[in-house]
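1. Need a 3D model of the following:
(chains A and B)
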Amino acid sequence: KQEVTQIPAALSVPEGENLVLNCSFTDSAIYNLQWFRQDPGKGLTSLLLIQSSQREQTSGRLNASLDKSSGRSTLYIAASQPGDSATYLCAVRDNDYKLSFGAGTTVTVRA
Amino acid sequence: EPEVTQTPSHQVTQMGQEVILRCVPISNHLYFYWYRQILGQKVEFLVSFYNNEISEKSEIFDDQFSVERPDGSNFTLKIRSTKLEDSAMYFCASSGRGQVTEAFFGQGTRLTVV
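-> Got it, this is the predicted structure:
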């Protein structure tokens, strides 16, 4: 059974600082990995998808890396802004039928 | 941009009542999912649906739950006899096939059982 862990559970940084969010998973036989953003009481917004054959994916200030063999992904957010405050979820897709989620990292960016 | 739409956004129901949560997935997607998130907890997988049948389900998805794609566009989750512990945010998602495809989620239905 795939287990996904996110560290840290919460993070508070001053505006402008870079954010580093970690995700680890136990079974490396994955299709892909997605990072999502969740605002309080809201749905899940897809940020980045990394295919299992990729090492990295970038979108604007966001960069995600994937080391499949060691079961790790890292999401980097450059030059954080107060609007980046949210919970960030990592989800691993093992097959066509299921995503397994981590518990998330709640980020607060202080103005 | 295509999106997954869920209705209603919030539903309050009495314990023991049946509820139906509705979703309109992205039109060219093949796989459909329901997830739930109890307040303060992880997003949990309930069920996936492909080619008009359940392809995988979790241990949470017991006989009280059922899914249906009645008309080729809607995808529903029915809870037959709701319990207090069914109170959660329920998310519908859809995706295409394979590793290149993202899963897209709806905004959720907050179900409150009283």
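
2. Identify the residue nearest the most centrally placed residue in chain B in space, chain neighbours excluded?
-> Central residue of chain B (CA atoms, centre = their mean): residue B:34, 3.0 Å from the mean position. Of all residues not flanking residue B:34 in the chain, residue B:46 sits nearest, at 4.3 Å (CB to CB, 6 or more residues apart in numbering or on different chains). (Glycine included, C-beta is placed from N, CA and C.)

3. what about that neighbour, helix or strand, and which?
-> Per DSSP states H and E: residue B:46 is located in strand B:43-50.

4. Quick check: can you name the pairing partners of that strand and their directions?
-> Paired strands of strand B:43-50, with direction, are strand B:31-37 (antiparallel), strand B:53-57 (antiparallel) (DSSP bridges).

5. For residue B:73, find the nearest of these.
-> Closest to residue B:73 of the strands paired with strand B:43-50 is strand B:31-37 (CB to CB; 11.0 Å).

6. For the closest one, the averaged confidence score.
-> Here strand B:31-37 scores 95 as its mean pLDDT.

7. then it to CSV, C-alphas only?
-> Only the C-alpha atoms of strand B:31-37 are listed here, as CSV (Å, rounded to 0.1, in the frame of the first residue of the first chain):
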residue,chain,number,x,y,z
TYR,B,31,-11.5,8.0,-15.3
PHE,B,32,-13.7,9.3,-12.6
TYR,B,33,-13.1,9.4,-8.9
TRP,B,34,-14.6,10.3,-5.5
TYR,B,35,-12.5,11.3,-2.6
ARG,B,36,-13.4,12.7,0.8
GLN,B,37,-11.7,14.8,3.4
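
8. Residues contacting that strand, please?
-> Strand B:31-37 is contacted from outside by A:96-99, A:101, B:21, B:23, B:25, B:43-50, B:55, B:60, B:67, B:69, B:75, B:77, B:88-97, B:103, B:105, B:108, using CB atoms under 8 Å, 6 or more residues apart in numbering or on different chains.

9. list the contacts for residue 65?
-> Since no chain was named, I'll use chain A. Per CB under 8 Å, 6+ apart, neighbours of residue A:65: A:50, A:55-56, A:73-74, A:76.

10. The intended chain is chain B.
-> By CB under 8 Å, 6+ apart, the residues touching residue B:65 are B:46-47, B:77-80.
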